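Novice: Quick one: sequence plus predicted model below, questions after.
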Amino acid sequence: MSGVLGFDRRHVWHPYTSMVDPLPAYEAVSASGVRIRLADGRELIDGMSSWWCAIHGYNHPALNAALDAQLGDMAHVMFGGLTHRPATDLAETLLELTPPTLQHVFFCDSGSVAVEVAIKMALQYWGAQGQPARRRLATIRGGYHGDTFAAMSVCDPVTGMHERFQGVLPAHLFADRPRTRPGEPLHEADRAGMERILAEHGGEVAAVILEPIVQGAGGMWFYSPDYLRHVRALCDRFGTLLILDEIATGFGRTGRMFACEHAGIEPDILCLGKALTGGYMSLAATLASTRVAHGISSDGGVLMHGPTFMANPLACAVSKRSIELLRAGPWEQRVAAIERQLGEELGAYARHPAVADVRVMGAIGVVQTRRPVPVAELQRVFVEAGVWIRPFNDLIYLMPPFVIDADDLRRLTRAIGAGLDALAG
Ligand SMILES: *Cc1c(COP(=O)(O)O)cnc(C)c1O
């Protein structure tokens, strides 16, 4: 085992792994376009966009140049009492792009923190409105909103391991995961679930928080835009706020710039992250309506948050460039082409004996297996096939950079076929 891998295994934690018996890791030395190069010289076609982020691929000359230029001015200054053009330019771009209700931007350092800030905004808003009883959140099962405590408290209680943190996590309200798939008429059970929660607890609910249309790490599930419209209407009827977490879905991944556009609705608070910087560095943002932003301070209070690296100029500069690049290119056609190809090539595995379900939306393709997969073993099969695909539980899924071509995408879908055969055999 090389120096890096040996040291890593003994001393460096990886996501959701044991330090006693870690899953194997592979050493990456560089990445370019849709390829990740390993220390042993192998090149892997990237099927993950580094968890939804690298939409333009790696080592992109325009993004590198944006960072270089900003580096020459300043890498960072504190945001308390100082401001800068990278932050205001990016905020302006985000306001242009997102639903018009959203008018105020809070920059923070990661998606989980963006969710913390969104929750804080909702609680502070109701406090300032003289309704301090509105302190709970309502959401749906199967969600994922991050790993910090408030974010974790609205993740799926089972996959989010709530029982390990009992007594520490606030108990929020969970409706069942919507069963209605896109294109289906809304199931009665889906209609009734959230309605019952708000009818019973409306006066205690500060906000409903959801991932719109696509639930990511909580199970890679897609649900009908009708459900989202229904929840928006319920929020209006019961006078509560709607927080949409578009950290995974934002910036084109589902075929629309933001997934809420599938339903034609607007949130009161919106969380962005992941692809925000094109996968270059950690940056997130929480956007709010004027009702919320001004409401928070209607009792003279201030929003109680202010991370050290708030609005980091390097991250803001690369983010602005990444969004320009996206808007200047034919991303809608690219995502539509990926969707078609994933539909055909993954759809062909729907009858495979190891497969329970195949679903595709935008540049996301999911193969759900009948049993949880042996991650390390399957990972080895994929690396040997020259692709980077990271399954979890019973999910083998692709969300490639939008710039991937049809041949590379076919290598990814074929590798999944080979992986399924290995599971069945
Ligand atoms: C990844 C993710 C988060 C958390 O973001 P981090 O940057 O990992 O903290 C929150 N919500 C959703 C929907 C995500 O996919």
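Specialist: Received the coordinates, thanks.
Novice: all helices for this protein, in order.
Specialist: Ranges of helices in the chain, per DSSP state H, are 3-11, 49-52, 61-73, 85-97, 111-128, 149-152, 188-201, 225-237, 290-296, 313-328, 331-347, 375-384, 406-424.
Novice: The ligand: which of those helices is closest?
Specialist: Smallest distance to the ligand across those (Cβ to the nearest ligand atom): 2.1 Å, for helix 111-128. Glycine gets a C-beta too; all of them are placed from N, C-alpha and C.
Novice: any idea of the mean pLDDT for the closest one?
Specialist: In this model, helix 111-128 has an average pLDDT of 98.
Novice: now swap in stretch 267-286 and tell me
Specialist: pLDDT averaged over stretch 267-286 gives 98.
Novice: got a list of contacts for stretch 67-76?
Specialist: 84, 86, 280, 309, 312-314, 317-318 (Cβ atoms under 8 Å, 6 or more residues apart in numbering).
Novice: Pipe those into TSV and attach neighbour count per row.
Specialist: Output for the contacts of stretch 67-76, formatted as TSV (neighbours: other Cβ atoms under 10 Å):
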residue	neighbour count
84	18
86	22
280	24
309	18
312	27
313	21
314	21
317	26
318	29
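Novice: What count of nearby residues applies to residue 79?
Specialist: 18 (other Cβ atoms under 10 Å).
Novice: still on that earlier bit, most tightly surrounded among the helices of the chain?
Specialist: helix 111-128 (a mean of 24; mean count of other Cβ atoms under 10 Å).
Novice: ok, back up a step: could the helices of the chain go into TSV alongside distance to residue 213?
Specialist: Output for the helices of the chain, formatted as TSV (distance: least, Cβ to Cβ, whole Å):
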stretch	distance to residue 213
helix 3-11	37
helix 49-52	14
helix 61-73	27
helix 85-97	17
helix 111-128	17
helix 149-152	19
helix 188-201	13
helix 225-237	6
helix 290-296	22
helix 313-328	19
helix 331-347	14
helix 375-384	27
helix 406-424	22
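Novice: okay, these in TSV with distance to the ligand next?
Specialist: As requested, the helices of the chain are exported to TSV (distance: least, Cβ to the nearest ligand atom, whole Å):
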stretch	distance to the ligand
helix 3-11	20
helix 49-52	6
helix 61-73	18
helix 85-97	17
helix 111-128	2
helix 149-152	6
helix 188-201	18
helix 225-237	14
helix 290-296	19
helix 313-328	12
helix 331-347	18
helix 375-384	19
helix 406-424	21
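Novice: Nearest approach to residue 253 belongs to which of these?
Specialist: helix 49-52 (6.4 Å; Cβ to Cβ).
Novice: now the closest one, how far from the chain's geometric center?
Specialist: 9 Å (Cα atoms, centre = their mean, to the nearest Å).
Novice: Send me stretch 249-269 as CSV with only the CA atoms.
Specialist: Taking Å, rounded to 0.1, in the frame of the first residue of the first chain, the C-alpha atoms of stretch 249-269 are listed here in CSV:
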residue,chain,number,x,y,z
THR,A,249,-31.2,19.9,-7.6
GLY,A,250,-30.1,23.4,-8.4
PHE,A,251,-28.3,24.6,-11.6
GLY,A,252,-29.9,22.4,-14.2
ARG,A,253,-29.6,18.8,-12.8
THR,A,254,-33.3,17.9,-13.2
GLY,A,255,-33.7,19.5,-16.6
ARG,A,256,-34.8,22.9,-15.2
MET,A,257,-32.5,25.5,-13.7
PHE,A,258,-34.2,24.8,-10.4
ALA,A,259,-36.5,21.9,-9.6
CYS,A,260,-39.2,24.1,-8.2
GLU,A,261,-39.8,25.3,-11.8
HIS,A,262,-41.3,21.9,-12.7
ALA,A,263,-44.1,22.9,-10.3
GLY,A,264,-44.2,26.6,-11.1
ILE,A,265,-44.1,27.5,-7.4
GLU,A,266,-41.8,29.7,-5.3
PRO,A,267,-40.5,29.1,-1.9
ASP,A,268,-40.2,31.6,0.9
ILE,A,269,-36.6,30.5,1.6
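Novice: Tell me if it is near the ligand.
Specialist: No: applying Cβ under 6 Å from any ligand atom, one finds stretch 249-269 separated from the ligand by no less than 7.3 Å.
Novice: what comes up buried for that stretch?
Specialist: 249-263, 265-269 (16 or more other Cβ atoms under 10 Å).
Novice: Equivalent analysis for stretch 135-150, please.
Specialist: Applying 16+ other Cβ under 10 Å to stretch 135-150 flags 136-147, 150 as buried.
Novice: Quick check: closest non-adjacent residue to residue 33.
Specialist: residue 57 (4.5 Å; Cβ to Cβ, 6 or more residues apart in numbering).
Novice: Do I have it right that the one you found meets residue 50?
Specialist: No: assessed by Cβ atoms under 8 Å, residue 57 is found out of contact with residue 50, at 10.3 Å.
Novice: which residues do the two both contact?
Specialist: The contact lists of residue 57 and residue 50 share no entry, where a contact means Cβ under 8 Å, 6+ apart.
Novice: Which of the contacts of stretch 67-76 sits closest to residue 377?
Specialist: The closest of these, once distances to residue 377 are taken by Cβ to Cβ, is residue 280, at 32.1 Å.
Novice: residues in contact with the closest residue to the closest one other than its chain neighbours?
Specialist: Ranked by Cβ to Cβ, 6+ apart and with sequence neighbours excluded, the top spatial neighbour of residue 280 is residue 318, at 4.6 Å. By Cβ under 8 Å, 6+ apart, the contact set of residue 318 is 63, 66-67, 70, 277-278, 280-281.
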